[in-house]
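Q: Give the three-dimensional model of this entry:
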Amino acid sequence: MKTASAGAGPLNGGSVGPGSAELTSPPQIGITTGDLYRAAWAASLGSALEYYDFALYNLASALIFGPLFFPSKNPAMGLIASFGTYFVGFAIRPVGGVVFGILGDRLGRKFVLMATILLMGAASTLIGVLPTYATAGVWAPVMLVGLRLLQGLGAGAEQAGAAVLMAEYAPSHRRGYFAALPFMGIQLGTVFAALVYFLVLQRIEDVSQSWLWRIPFLLSVVIIGVAIWIRLKLKESPTFAKLEARHQVDAHPLAHLLTNSRRTVFVVFGLRMAENGGSSIFQSLAISYMVGVMGLKGQNGSLSLFLAGLVGAVVVPLTGLLSDRIGRVSVYRGFAMYQLLIAFPAWWVLSQGELVSSVVAVPIALIAVWGMFATQGALLPELFGARHRYVGVAFGREMSAVFAGGIAPLIGASIIAWTTSHYGGTKEAAALSWIPLAAYVALLSLISVVTTFYTPEPRGRDLDDLRDAGQTVGI
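A: You can find the predicted model right below:
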């Protein structure tokens, strides 16, 4: 097997699969070409499971959890309660990010990636066997919230760990591409979830009388098995191995982060507003708006997310390649500006209630989210120093997610309910909510655009460096 020093050996070819490009030499000492590809698959499958689970929950919150677990004479109130459990999963993610992030910086990346995928997968599978409100009464939503909490705990560190692992494995000049591959797994998970729900909803006349909604959640166990099998053979991150060899592992990485990297954490907060907020709004709230307000069938929402996932599977790796060529910050800024510009046109199209244009509008709007997602794969790990990188990425990502993506559908559902009641309670009144919803997306996008002007360009930096990127360049 070939080995080489860090950063040595160009990558040939520009195809977009985890094993499609050939290495003339591996990226790190002791890491072979096979190790790199195994890490890419391990990270990508874990991300696929995470976002398969979350896409399932997005769709279920928008389409079926209301009548199953939160029955109400007022559908808007049932929707708000359903999205409330969605928010709970985001609210707990910072706890998971901090706990598992600390473990990732103390015990290694591989250990945490094994623990998080087991926790997420088990919680999602168990949702598939829950009794509904009609069977168990108030205990049904209580159990749903409990499993959502466990799901959120695992997800709080899974994506951060996948990004950190791939960034530390990859050669510096192709780090953007390889670190984006786990985010392609996100698209595949979304595509799979949307496809399964599309097929299931074709067979359901009355969701409250059907058991078919359980099948997508039960399928989580298959992805768990494959991901664990691959991760068992995974080597530890080269950067963490060096920290251990040099006795530089910090016993208190969170304290070290909060003492030395507050500015970097706030930068991550700002960058995530557009991406995470836009993701939740267009993948969950927009689908609910299409179905619950404009009267389109539920499977059309699933079809829209299916198409969005296919688009993302192409956009993500291409964006990773682009960030290697022209830099992380400029690429991120471009996609944030795209979302800012498309917010009002996209929501106006949705407000028209026309089937084809509504189904297409969501994938077009989500191009911005996929581009920012992909760029984050390398950008966020590169911003932090080696001793607190895992907890830094996890803490920054997940704490910001509470205020960006977690609360967005809840706020959006409240906007729809308020607009509907304030303007007469008709379908036309509810449709008017597209204006404040578009303004909300635009505001989140503007925050991220401004933040990019305060973000140092970290492309190609040495990830063994103990300092943050901003400290390295003296700002």
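
Q: measure residue 214 to residue 220 for me?
A: According to Cβ to Cβ, to the nearest Å, residue 214 and residue 220 sit 11 Å apart. Quick note: C-beta positions are derived from backbone N, CA and C, even for glycine.

Q: Overlap in contacts, those two.
A: Counting by Cβ atoms under 8 Å, 6 or more residues apart in numbering, the common neighbours of residue 214 and residue 220 are residue 128.

Q: the more surrounded of these two?
A: The residue with more neighbours, out of residue 214 and residue 220, is residue 220; 24 against 14, by other Cβ atoms under 10 Å.

Q: What are the neighbouring residues in contact with that one?
A: 49, 52, 53, 121, 124, 125, 128.

Q: Looks to me like the first one is in a strand.
A: By that I understand residue 49. No - using DSSP: H, G, I helix; E, B strand; the rest coil, the secondary structure at residue 49 is helix, not a strand.

Q: That one contacts residue 120, doesn't it?
A: Yes - look at residue 49 against residue 120 with Cβ atoms under 8 Å: they come within range, at 6.3 Å.

Q: list residues touching both of the two?
A: Common neighbours of residue 49 and residue 120 (Cβ under 8 Å, 6+ apart) are residue 158.

Q: So for these two, which sits in the more crowded spot?
A: Taking neighbours as other Cβ under 10 Å, residue 49 and residue 120 compare with residue 120 leading, 30 against 27.

Q: Now do the contacts for the more buried one.
A: 49, 50, 53, 150, 151, 154, 155, 158.

Q: again, 7 Å this time
A: 49, 50, 53, 151, 154, 155, 158 (Cβ atoms under 7 Å, 6 or more residues apart in numbering).

Q: next one: residue 365
A: Contacts for residue 365 (Cβ under 7 Å, 6+ apart) come out as 282, 342, 346.

Q: again, only this time at 8 Å
A: Going by Cβ under 8 Å, 6+ apart, the list of residues near residue 365 reads 278, 282, 286, 339, 342, 343, 346.

Q: Kindly report the same for residue 289.
A: Contact analysis of residue 289 by Cβ under 8 Å, 6+ apart lists 350, 412, 416, 433, 434, 437.

Q: if I look at the second one, how far off is residue 194?
A: In this case it means residue 412. 20 Å.

Q: higher neighbour count, the two?
A: Set residue 412 next to residue 194 and count neighbours by other Cβ under 10 Å: residue 194 wins out with 29 against 25.

Q: Mind pulling up the pLDDT for the more buried one?
A: For residue 194, the model assigns a pLDDT of 74.

Q: And residue 426, by the same measure?
A: Model confidence at residue 426 (pLDDT) stands at 66.

Q: What of residue 21?
A: At residue 21, pLDDT is 40.

Q: And residue 383, by the same measure?
A: For residue 383, the predicted pLDDT is 96.

Q: can you check residue 124 too?
A: pLDDT recorded at residue 124 is 84.

Q: Same question for residue 207.
A: pLDDT, read off for residue 207, is 55.

Q: before we move on, what about residue 423?
A: Residue 423 is assigned 68 on the pLDDT scale.

Q: ditto for residue 155
A: Reading off the confidence values, residue 155 has pLDDT 76.

Q: Does it touch residue 89 like I think?
A: Yes - Residue 155 lies in contact with residue 89 (Cβ under 8 Å); the separation is 7.3 Å.

Q: just to revisit the earlier point, and which of the contacts of residue 120 is nearest residue 443?
A: The shortest approach to residue 443 among the contacts of residue 120 belongs to residue 155, at 25.5 Å (Cβ to Cβ).

Q: in this protein, which spans are strands?
A: Along the chain, counting by DSSP state E, strands occupy 11-12, 22-23.

Q: Cool, thanks, talk later.
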